[in-house]
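K.L.:
this one's structure only:
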Ligand code: SF4
């Protein structure tokens, strides 16, 4: 699975309240959630997030178990999140709703906001297209790739129950 | 193996597990609230699932916006009620019958030692206070649990936290956890388990153990856990009829590392904006003016917390210009506080006492902060905008520090409060 996109860069400890503030948790439509994605930290996010890849520092998605956080990012047009590390519930949620998330300690320092990059999830390779830079990241295990291929755990379950 | 490894091994039918191993464990109990539950319910409907795996192992609680503060919130409540009815969910705690889910789960006997419990809320780790392995998951995974009753876990590395010494008066379990957060940092236990032990933890009551396990997630931990003992058994005696087995760690080498904390000289602490790890002694930030004090939440809204607050507030008035909002964690806590006269003390001091709800803790309702306002809160998160305006500031503190600050209208060290009224 390969993903292309434009980098949006953020720092450490981007928590779920920054990704989607608590007051929007009564929303039920993910497209509506998407309108408030990253509202807590970047008011211009929704103008630039189409077909983007977030590259963040340590502990991305810490805090709440709200699945609304990765959902808001996915529906806002974020194709993938790369971070030095993820908070575990966010990480699981992201994979489960079909938002690829991949860990890499060293990529953050090499990449700049606006760079076009390619993410190879299967082999764990991150490429900055114009700079000819390739960085090795943690590849995803097969069962996670299966979930992502289907666009999320729900679709995978649908397929399995249909069988 | 340590306690977490043993519980996960047992739940996945293995003799032994090691950190990093992925196991599929049977789930003993699964909890959802209305904020996360409505998504799980919708997913089940999309999948055409007619019957959940075990309607007696599911607990549903309405707690985030109680009672409904908007049409949107009311709709979520309605989805919960209909689902509970259609699936015959015995343990559905509607408004008036429960309170904040984590308190309800423990006081209603849904948590017993050795169990594997998942909740669609990050503070599910609270239940480790009774020696269970409990962790937060998202709504999609919860839908999968509702179907299969199983979930995969990566066996975590475990950090052992050994606590000794006795607390000074008005220094509490909350201050202990803030100390741990300062040492470990916001990310210090990511993907790991925290096992709390040592003489101080042994002498703590269940409410205090819940406070430290509740906050395990704030340093990234998958769960916090305390081995069950006589105190646990005494607590559970009239609360549950579930059978269970007490599981204990038996291998000193099964920890990634150990951390020792002596609380003898621990002062009251606060976590300053905007991080739980931005910890300072209360004495260093004394004098900062406070607009609102919030006492409640799954961290510090229990009877034991409210008793400390009442002791400090008794016969006194809070400072003019400061608001005090007190929210008992559950209907049971509320009723006990009423019987013991605590509520009267609060109201006489000028506090607003609201019904059990998550409310102010997540910036939902009943005590939302305006821009530039400062709040001292007994909750567990002070992220930017967590309790309202992104320009508000939240200091996390113990109930004692919160009460003392309400009296002074400024952040105040409770150990140096002058008692002459
Ligand atoms: S009281 Fe606060 S931290 Fe606890 S469950 Fe409710 S919103 Fe979450």
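P.N.:
Cool, got the structure. Every value quoted in this text rests on a predicted model; they were computed, and no experiment measured them.
K.L.:
Neighbours of residue A:4, how many?
P.N.:
14 (other Cβ atoms under 10 Å in any protein chain shown). (C-beta placed from N, C-alpha, C; glycine too.)
K.L.:
What sits closest to it if chain neighbours are left out?
P.N.:
Excluding the flanking residues, the one nearest residue A:4 by Cβ to Cβ, 6 or more residues apart in numbering or on different chains is residue A:118, at 5.3 Å.
K.L.:
got the contact list for that neighbour?
P.N.:
A:2-4, A:126-127, A:129 (Cβ atoms under 8 Å, 6 or more residues apart in numbering or on different chains).
K.L.:
Let's see that with 10 Å instead.
P.N.:
Counting by Cβ atoms under 10 Å, 6 or more residues apart in numbering or on different chains, residue A:118 makes contact with A:2-5, A:53, A:125-129, A:134.
K.L.:
my read is it is in a helix, agree?
P.N.:
No: under DSSP: H, G, I helix; E, B strand; the rest coil, residue A:118 falls outside any helix and is assigned strand.
K.L.:
Against residue A:109, how distant is it?
P.N.:
Distance of residue A:118 to residue A:109, given as Cβ to Cβ, to the nearest Å: 18 Å.
K.L.:
Could you do residue B:13 as well?
P.N.:
44 Å.
K.L.:
who does the longest strand along chain B pair up with?
P.N.:
The longest strand of chain B (DSSP state E) is strand B:157-164. Taking DSSP bridges as the criterion, strand B:157-164 sits next to strand B:192-197 (parallel), strand B:257-262 (parallel) in its sheet.
K.L.:
so can I have JSON lines of those showing mean pLDDT, mean neighbour count and distance to residue B:18?
P.N.:
Shown next, in JSON lines, are the strands paired with strand B:157-164 (pLDDT from 0 to 100; neighbours: other Cβ atoms under 10 Å in any protein chain shown; distance: least, Cβ to Cβ, whole Å):
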{"stretch": "strand B:192-197", "mean pLDDT": "97", "mean neighbour count": "26", "distance to residue B:18": "13"}
{"stretch": "strand B:257-262", "mean pLDDT": "97", "mean neighbour count": "14", "distance to residue B:18": "16"}
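K.L.:
any chance of those strands in JSON lines, plus distance to residue B:367?
P.N.:
JSON lines is the format used below for these (distance: least, Cβ to Cβ, whole Å):
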{"stretch": "strand B:192-197", "distance to residue B:367": "30"}
{"stretch": "strand B:257-262", "distance to residue B:367": "32"}
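K.L.:
Looking at those strands, which is nearest to residue B:205?
P.N.:
Closest to residue B:205 of the strands paired with strand B:157-164, according to Cβ to Cβ: strand B:192-197, at 13.6 Å.
K.L.:
next helix or strand past that closest one?
P.N.:
helix B:199-203 (DSSP states H and E).
K.L.:
so what's residue B:283 up against?
P.N.:
B:267-270, B:411-413, B:415-416.
K.L.:
Which of the helices or strands spans it?
P.N.:
Residue B:283 belongs to helix B:282-285, assigned by DSSP H and E.
K.L.:
which of the residues in that helix are buried?
P.N.:
B:282-283, B:285 (16 or more other Cβ atoms under 10 Å in any protein chain shown).
K.L.:
got it, and stretch B:199-211?
P.N.:
Quick answer for stretch B:199-211 (16+ other Cβ under 10 Å): B:200-202, B:204, B:206-211.
K.L.:
quick one, what contacts residue 89?
P.N.:
In the absence of a named chain, chain A is used. A:16, A:61-67, A:69, B:120-122, B:124, B:135-138, B:141, B:217, B:220, B:222.
K.L.:
My question was about chain B, not that one.
P.N.:
Contacts of residue B:89 by Cβ under 10 Å, 6+ apart are B:32, B:52, B:55-60, B:80, B:83.
K.L.:
just residue B:245 next, same as before
P.N.:
Taking Cβ under 10 Å, 6+ apart, one finds B:7, B:10, B:112-115, B:131, B:228 in contact with residue B:245.
K.L.:
what's the one helix or strand residue B:375 maps to packed up against?
P.N.:
Element membership for residue B:375 (DSSP H and E) is strand B:374-377. When contacts are defined as 3 or more Cβ pairs under 10 Å, 6 or more residues apart in numbering or on different chains; DSSP states H and E, strand B:374-377 sits against strand B:269-271, strand B:292-295, helix B:297-300, strand B:323-326, strand B:393-396, helix B:399-408.
K.L.:
And the ligand, is that strand touching that?
P.N.:
No: Strand B:374-377 stays clear of the ligand (Cβ under 6 Å from any ligand atom), getting no nearer than 9.9 Å.
K.L.:
so what strands line up beside that strand?
P.N.:
strand B:292-295 (parallel), strand B:393-396 (parallel).
K.L.:
May I have the phi/psi pair for residue A:123?
P.N.:
phi -100, psi -10 (degrees, to the nearest 10).
K.L.:
Which residue lies closest in space to it, excluding its sequence neighbours?
P.N.:
residue A:139 is the one closest to residue A:123 (Cβ to Cβ, 6+ apart), at 5.7 Å.
K.L.:
what's the neighbour count on that neighbour?
P.N.:
Neighbour number of residue A:139 under other Cβ under 10 Å is 15.
K.L.:
just residue B:137 next, same as before
P.N.:
Counted with other Cβ under 10 Å, residue B:137 comes out at 29.
K.L.:
what sits against it?
P.N.:
A:65, A:67, A:88-89, A:92-93, A:96, B:27, B:30, B:32, B:36, B:40, B:118-122, B:124, B:144-145, B:151, B:153.
K.L.:
domains for chain B, by residue range?
P.N.:
Per the record, chain B has its domains at B:3-261, B:271-411, by automatic domain parsing.
K.L.:
pLDDT wise, what is residue B:419 at?
P.N.:
What the model reports as pLDDT for residue B:419 is 60.
K.L.:
ignore the last one, residue A:157
P.N.:
89.
K.L.:
so which of the contacts of residue B:89 would you say is closest to the ligand?
P.N.:
residue B:32 (11.9 Å; Cβ to the nearest ligand atom).
K.L.:
who's the closest residue to residue A:110 other than its chain neighbours bridged to?
P.N.:
Once flanking residues are discounted, residue A:110 sits nearest to residue A:133: 5.6 Å by Cβ to Cβ, 6+ apart. For residue A:133, the beta-bridge partners under DSSP bridges are residue A:128.
K.L.:
Quick check: residue A:133 vs chain B, distance?
P.N.:
26 Å (Cβ to the nearest Cβ, to the nearest Å).
K.L.:
residues touching that residue, list them.
P.N.:
Applying Cβ under 10 Å, 6+ apart, we find residue A:133 in contact with A:107, A:110-111, A:115, A:117, A:126-127.
K.L.:
Tell me the one of those residues nearest residue B:167?
P.N.:
Residue B:167 lies nearest to residue A:107 out of these, by Cβ to Cβ, at 44.9 Å.
K.L.:
From what I see, residue B:246 and residue B:226 are in contact.
P.N.:
No: applying Cβ atoms under 10 Å as the test, residue B:246 and residue B:226 come out as separate, 11.6 Å apart.
K.L.:
shared neighbours, the two?
P.N.:
B:3, B:113, B:131, B:232.
K.L.:
export the residues you listed to JSON lines and tack on pLDDT, secondary structure and neighbour count?
P.N.:
Output for the shared contacts of residue B:246 and residue B:226, formatted as JSON lines (pLDDT from 0 to 100; DSSP: H, G, I helix; E, B strand; the rest coil; neighbours: other Cβ atoms under 10 Å in any protein chain shown):
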{"residue": "B:3", "pLDDT": "97", "secondary structure": "helix", "neighbour count": "27"}
{"residue": "B:113", "pLDDT": "98", "secondary structure": "coil", "neighbour count": "25"}
{"residue": "B:131", "pLDDT": "98", "secondary structure": "coil", "neighbour count": "25"}
{"residue": "B:232", "pLDDT": "98", "secondary structure": "helix", "neighbour count": "20"}
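K.L.:
No further questions, thank you.
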